[in-house]
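# based on what follows, work out the 3D shape:
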Amino acid sequence: NGEQGVKLLETAQSPFFLILSDQRMPGMAGSEFLEKSILLSPESRRMMMSGYSDFDAIIASVNKGEIHQYIHKPWDNDDLILRIMNELEIYKAFQERKHLYNVTKHQNAKLFELAEKKKAVVKKFSHALKNKKEGHGKYHGESDPAGS
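Prediction:
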């Protein structure tokens with residue numbers, strides 16, 4: 001039932017890639033359960049199944065439960081397996097994009113830090129060069145030891 005599903009999501013050690021729910025369950029409608037699952041497992045893919053053509057329930061599932069697929073009972077096993085495999089691929093692609101985003105964000109922060117250090121070096125060098133051009137680079141009125 002829905003309460004058991006919520007408890008399972010709350011205590012899970014790792015996220016579920018897929019949450020599959022029936023619309024009609026004891027204690028809680030599938031659309032309500034899927035809506036609660038968004039807070040507990042926001043990256044999970046969600047699928048709703050039902051043997052009833054209750055379009056209000058389907059619309060509620062899409063709007064509140066953010067379902068990714070609706071399956072009408074009775075289902076074809078091969079079709080169900082393909083749908084689950086497709087959802088797994090979508091989930092894996094999302095996780096990979098998230099990982100690459102984090103790597104890129106980290107690398108960009110390092111590049112920014114490096115660029116700031118290089119700017120400081122260039123600024124210091126430019127200032128020293130300007131001082132030298134203006135004659136401030138001489139040692140107490142003596143000529144430059146480098147001979148310039």
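# helix or strand with the lowest mean pLDDT in the protein?
Scoring the helices and strands of the chain by mean pLDDT, DSSP states H and E places helix 55-64 at the bottom, with a mean of 73.
# report all helices and strands that that helix contacts.
helix 30-40, strand 45-50, strand 69-72 (3 or more Cβ pairs under 8 Å, 6 or more residues apart in numbering; DSSP states H and E). C-beta: built from backbone N, CA, C; applies to glycine.
# what residues of it count as buried?
Of the residues in helix 55-64, 57-58, 60-62 count as buried by neighbour count, 16 or more other Cβ atoms under 10 Å.
# picking that back up, using CSV, lay out the helices and strands packed on helix 55-64 together with mean pLDDT and mean neighbour count.
Shown next, in CSV, are those (pLDDT from 0 to 100; neighbours: other Cβ atoms under 10 Å):
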stretch, mean pLDDT, mean neighbour count
helix 30-40, 91, 21
strand 45-50, 92, 22
strand 69-72, 88, 15
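# how about the ones you listed in TSV, adding distance to Lys119?
Below are the helices and strands packed on helix 55-64 laid out as TSV (distance: least, Cβ to Cβ, whole Å):
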stretch	distance to Lys119
helix 30-40	44
strand 45-50	45
strand 69-72	51
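# Ala120 is nearest to which of the ones you listed?
Using Cβ to Cβ as the measure, helix 30-40 is the one of these that comes nearest Ala120, at 45.6 Å.
# pretty sure Gly5 sits in a strand.
No. Per DSSP: H, G, I helix; E, B strand; the rest coil, Gly5 lies outside any strand segment and is helix.
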